[in-house]
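Participant: Sharing a sequence plus its predicted fold:
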Amino acid sequence: MSTVIYVPCDSSAVSLGADRVAAAIAQEAAKRGVDIKLVRNGSRGMYWLEPMIEVSTDKGRMAYGPVQSGDVPALFDAGFTEGGAHALSLGLTEEIDYFKKQQRLTFARIGKTNPLSLTDYTDNGGYRGLKNALAMTQEQIVQAVTDSGLRGRGGAAFPTGIKWKTVLNTASTQKYIICNADEGDSGTFSDRMVMEGDPFVLIEGMTIAGLGVDATQGYIYLRIEYPHAFDVLNAAIATAYEAGYLGENIQGSGKTFHLEVRQGAGAYVCGEETSLMESLEGKRGLVRFKPPLPAIKGLFGQPTVVNNVISLASVPVILDKGGDYYRDFGMGRSRGTLPVQLAGNIKHPGLVELGFGLTLRELLYDFGGGSASGKPIRAVQVGGPLGAYLPESQFDTPLDYEAFAAIWAVVGHGGIVVFDDTVNMAEMARYSMEFCKEESCGKCTPCRIGSTRGIEVMDDIINGRNLDKNIPLLRDLCDTLLNGSLCALGGMTPYPVLSALNHFPEDFGINAEATAA
Amino acid sequence: MTESGTTQPTVQEVIATLKDKPGALLPILHGIQNALGYIPADSVPDIAKALNLSRAEIHGVISFYHYFRDTPPGKQTIHLCRAESCQAMGARQLEEHVKNKLGIDFHETTADGQFSLEPVYCLGNCACSPAMQIGKEIYGRVTADSFDAVIDNTEASA
């Protein structure tokens, strides 16, 4: 029997040379007459070990990494196809501490399976949630999601069940499910990993959502920066149609759900749900006033569920194992698991899925291993470009929506970007204003004009001009953005700016006492 | 042959294939840019007519989105990430190096028409920062040296 060798097709692994490694393995095996079966799996999410290859053995899957194509002959010499020892040996994959300590519910299959194999998917628990859902009433489906305590993983943390219930109870001949796959936050890649590494779980989640609220059409609004995810999703959708998991009469149930991927075009603001819907309708991505809520009047004026990739990809396990099972993970009002993404200047960057409640310190040091540069960690930004910068004194905050809100920070989409002590926080504050200016949709004045004024004020501050006047001016401007903007882009840009100012005043040329305005 | 002579059949075909989709404008613009590398100004009236919109509306959509362009790009477009995670791993210095090496700023194309340089705000490759994308190819842990190697290789094979 041929030995199965896994080489990830995840785009981050590929960015480090995984395709060249796969080609070298195939070539070397042919040369040596070794019978192998090469499988392109998703990534396990331990990116400092990528490209990480695995070999199936009697004891389980053995890992080697990080492997470059030049290492391949030596790996064959060491007998890696039988799990032989080599300097790059990592032992059994699932015994690697970083992996073993996780609670993988949403990411249960990612890295284990071939993303495009429907058989792999169903052999590993896939489509059990849909099977249960097909035997339930719409109210029961929505109730299961409500019971799970799932809150929107895109960042806003709104209870998913309540959103679904509103759409279910709004009468209409046409309703929509939109998957917000416009993952634009720096430091986040969990949506990408799901779409590239387990696309069927998203398709299943959206199908269940469609059944639950009586929607027959779904759209995945995917950012243009994810070309690999686009190909994988389209291939998986085609397979799901062929196998009767999409289309009319799903699995003989008489139910219908159609699904299509639409690409964005490089506008961060289109991750905001109303702007996203404008874009899907073929317009400029201008933010809409709310109300009306999208759940009542959304895409093409119809009731629409807009959920993030991770929210929807968590639905199958909830319908499979029950809302209670999912709710038993987590803390406080943050139920279930959160796929945390460790990025930036960190020794062990990657994906860590765990129930809510772990502290930042545990994530940064126990999992992350400290900074990549070896210098002290000075600041971390949690929750993307609109998230607050946190200093070391706040590293004991548990990952929990309410605990973060209490320190004027956000969990957001679970991305953590680490900076060492070479960072200049005034420069980062200026960058936040610049980002807001670049990405503003232009509809509301605080965001459109305020961001440009913010860059100017930050330039004055960075050059030490008139700090007595300019620091209060910056605070005043942030107050206007915070309270006067139409959406989170302008409304939350003050989070990184003011947190940088409050926690790192020395970078703004002032001492700590002067900041208490 | 005039420009419209070469682009018009492609544009017409894309429009005819996609115009009946709900919210067809973005798919049409993607279709044209995929085929031609940009959206020629002379395609705007045709799109407007097919979707029963004004030319101003079409132009407004093209100009709103960073990705769409109305001028031809270089042979290769380099998308260099400027976002926080990449900054934490030296993207600011890399950006300076890239601009010097190519002799251009963002949104410009080298004189030989080989490379266009565009900023991007996150490629989702944050675990391997700093990151860039050339065509569909994504690169991680990019250094000044590895950037030069990629560029020199691309030029050599071009």
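Facilitator: Looks like it arrived, so ask away.
Participant: Please identify the helix or strand for B:Q12.
Facilitator: Assigned by DSSP states H and E, B:Q12 falls within helix B:3-18.
Participant: For the helix or strand that that helix is followed by, report the contacting residues that lie outside it.
Facilitator: As assigned by DSSP H and E, the chain's next helix or strand after helix B:3-18 is helix B:25-36. If you take Cβ atoms under 8 Å, 6 or more residues apart in numbering or on different chains as the criterion, helix B:25-36 is touched by A:262-265, A:279-280, A:282-283, B:7, B:10-11, B:14-15, B:17-19, B:21, B:39-40, B:43, B:47, B:50-51, B:53, B:58, B:61-62, B:67-69, B:72. For glycine as for every other residue, the C-beta is placed from the backbone atoms N, C-alpha and C.
Participant: Tell me the buried residues in helix B:25-36?
Facilitator: By neighbour count on 16 or more other Cβ atoms under 10 Å in any protein chain shown, the buried set for helix B:25-36 is B:L25, B:L26, B:P27, B:I28, B:L29, B:H30, B:G31, B:I32, B:Q33, B:L36.
Participant: Show me where chain B has its strands.
Facilitator: Assigned by DSSP state E, chain B shows strands spanning B:76-81, B:108-109, B:115-120, B:132-134, B:137-139.
Participant: if we can go back for a sec, can you list the buried residues of helix B:25-36 in CSV and add distance to A:G464?
Facilitator: Listed next are the buried residues of helix B:25-36 as CSV, based on distance: Cβ to Cβ, whole Å:
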residue, distance to A:G464
B:L25, 48
B:L26, 46
B:P27, 50
B:I28, 51
B:L29, 46
B:H30, 47
B:G31, 51
B:I32, 49
B:Q33, 45
B:L36, 49
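Participant: ok, so of those residues, who is nearest A:L386?
Facilitator: B:L26 (24.5 Å; Cβ to Cβ).
Participant: and A:K165, how far is that from A:V21?
Facilitator: As judged by Cβ to Cβ, to the nearest Å, A:K165 and A:V21 stand 48 Å apart.
Participant: Please read the previous query as pertaining to A:G111.
Facilitator: For A:G111, the distance to A:V21 - Cβ to Cβ - is 16 Å.
Participant: And for A:L498?
Facilitator: Using Cβ to Cβ, A:L498 is found at 45 Å from A:V21.
Participant: between those two, which one's more packed in?
Facilitator: Neighbours were counted for A:L498 and for A:V21 using other Cβ atoms under 10 Å in any protein chain shown; A:V21 has more, 28 against 22.
Participant: Next, the contact list for the more buried one, please.
Facilitator: By Cβ under 8 Å, 6+ apart, the residues touching A:V21 are A:V7, A:P51, A:I53, A:V67, A:Q68, A:S69, A:V72.
Participant: ok, now with 6 Å
Facilitator: A:V7, A:P51, A:V67, A:S69 (Cβ atoms under 6 Å, 6 or more residues apart in numbering or on different chains).
Participant: likewise A:E183?
Facilitator: A:E183 sits next to A:D191 when contact means Cβ under 6 Å, 6+ apart.
Participant: element containing it, please.
Facilitator: Following DSSP H and E, there is no helix or strand that holds A:E183.
Participant: wait, doesn't B:T109 sit right on B:K75?
Facilitator: No: assessed by Cβ atoms under 6 Å, B:T109 is found out of contact with B:K75, at 9.3 Å.
Participant: Contact distance from chain A - what residues of chain B qualify?
Facilitator: B:23-26, B:30, B:60-61, B:64-68, B:83-85, B:88-89, B:122-128, B:136, B:138-140 (Cβ under 6 Å from any Cβ of the partner chain).
Participant: Out of the residues you listed, list just those in helices.
Facilitator: Applying DSSP state H to those, the entries found in helices are B:L25, B:L26, B:H30, B:G60, B:V61, B:F64, B:E84, B:S85, B:A88.
Participant: quick revisit: mind giving me the ChimeraX select for the contacts of helix B:25-36, buried ones only?
Facilitator: Restricted to buried positions by 16+ other Cβ under 10 Å, the ChimeraX selection for the contacts of helix B:25-36 reads:
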select /A:262,263,264,265,279,280,282,283 /B:7,10,11,14,15,18,19,39,40,43,47,50,51,53,58,61,62,67,68,69
